[in-house]
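K.L.:
have a look; sequence and predicted model below, questions after that.
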Amino acid sequence: MTRPARIAPSILSADFARLADEVAAVERGGADFLHVDVMDGHFVPNLTVGPPIVESLKKVTKLPLDVHLMITNADAFIPEFAAAGASYLTVHVEACPHLHRTVQLIKEHGVKAGVTLNPATSLRTLDEILPDVDLVLIMSVNPGFGGQKFIDHCLQKVANARRMLDQIHSHALLEVDGGIKVDNAGRILAAGAEVLVAGSAVFSSPDYGATIAALRAAGQPASAHR
Ligand SMILES: O=C(CO)[C@@H](O)[C@H](O)COP(=O)(O)O
């Protein structure tokens, strides 16, 4: 069964000099979430933004802020990101030695808790935490940069994650991130994803609204396109 697709443009590929305009354009274009990539130059080889930018984004958009923490020592920053207005805070299992504590900490701050896996990390690492989470993010590129190619074996991982979530009747959203374009979105949605993160596909396109609509439509049966 293909679920209604929700689209989360990643601001990593936006023009940061015009960030408020870029966010307004994807909001007007029908985005469902705004995906914010937080990188620490340690867990991943890149540096991006912190709580002040999340706080500024919160002031200029009604979109839920889907904040992906690619950082070590997430516990130290969760209170600040929560206060800044994050709707979801998603942490990496590879970077959180006390994952249960971290997930509880996110929830104690009134934020929805997500967990995510690098492409080479097994879904089995989620077995014990799955009932506690609101979102599972499958990384389909190695995190750190936008504009990379979708790693094909991640498609089977999405299908397996879908099965695991369905088996426990989880309410958690299944999100996929990395290398998602209009031409592979249909396969990812058919595998069971319900939120697609798209950075370069949206922000490098001439018409953000048309690209968001095309990504969403990729999940609908062919008859719905007529
Ligand atoms: O977390 C990341 C990269 O680490 C992603 O959110 C990228 O920003 C997605 O960019 P595209 O692959 O869609 O260009």
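P.N.:
Noted; the coordinates are in hand.

K.L.:
could you use CA atoms for every contact and neighbour count after this?
P.N.:
Fine.

K.L.:
stretch 163-180 - what's its average pLDDT?
P.N.:
In this model, stretch 163-180 has a mean pLDDT of 98.

K.L.:
other residues contacting it?
P.N.:
By C-alpha atoms under 8 Å, 6 or more residues apart in numbering, the residues outside stretch 163-180 that reach it are 130-131, 133-141, 143, 146-151, 158, 161-162, 188, 192-198, 201.

K.L.:
number of nearby residues for Thr72?
P.N.:
20 (other C-alpha atoms under 10 Å).

K.L.:
spatially, what comes nearest to it if we skip its sequence neighbours?
P.N.:
Ala95 (5.2 Å; C-alpha to C-alpha, 6 or more residues apart in numbering).

K.L.:
what mean pLDDT does stretch 120-129 have?
P.N.:
98.

K.L.:
same check, this time on stretch 137-153
P.N.:
Stretch 137-153 comes out at a mean pLDDT of 98.

K.L.:
check stretch 9-25 too.
P.N.:
Stretch 9-25 comes out at a mean pLDDT of 98.

K.L.:
before we move on, the earlier item: so what's the residue count around the residue nearest to Thr72?
P.N.:
With other C-alpha under 10 Å as criterion, Ala95 counts 17.

K.L.:
against Lys149, how distant is it?
P.N.:
Per C-alpha to C-alpha, to the nearest Å, Ala95 is found 23 Å from Lys149.

K.L.:
next: Phe33.
P.N.:
Separation of Phe33 from Lys149 (C-alpha to C-alpha): 22 Å.

K.L.:
repeat for Val133
P.N.:
28 Å.

K.L.:
could you pull out the helices for the chain?
P.N.:
Counting by DSSP state H, the segments of the chain that form helices are 19-28, 51-60, 78-84, 99-108, 154-167, 182-190, 200-203, 208-217.
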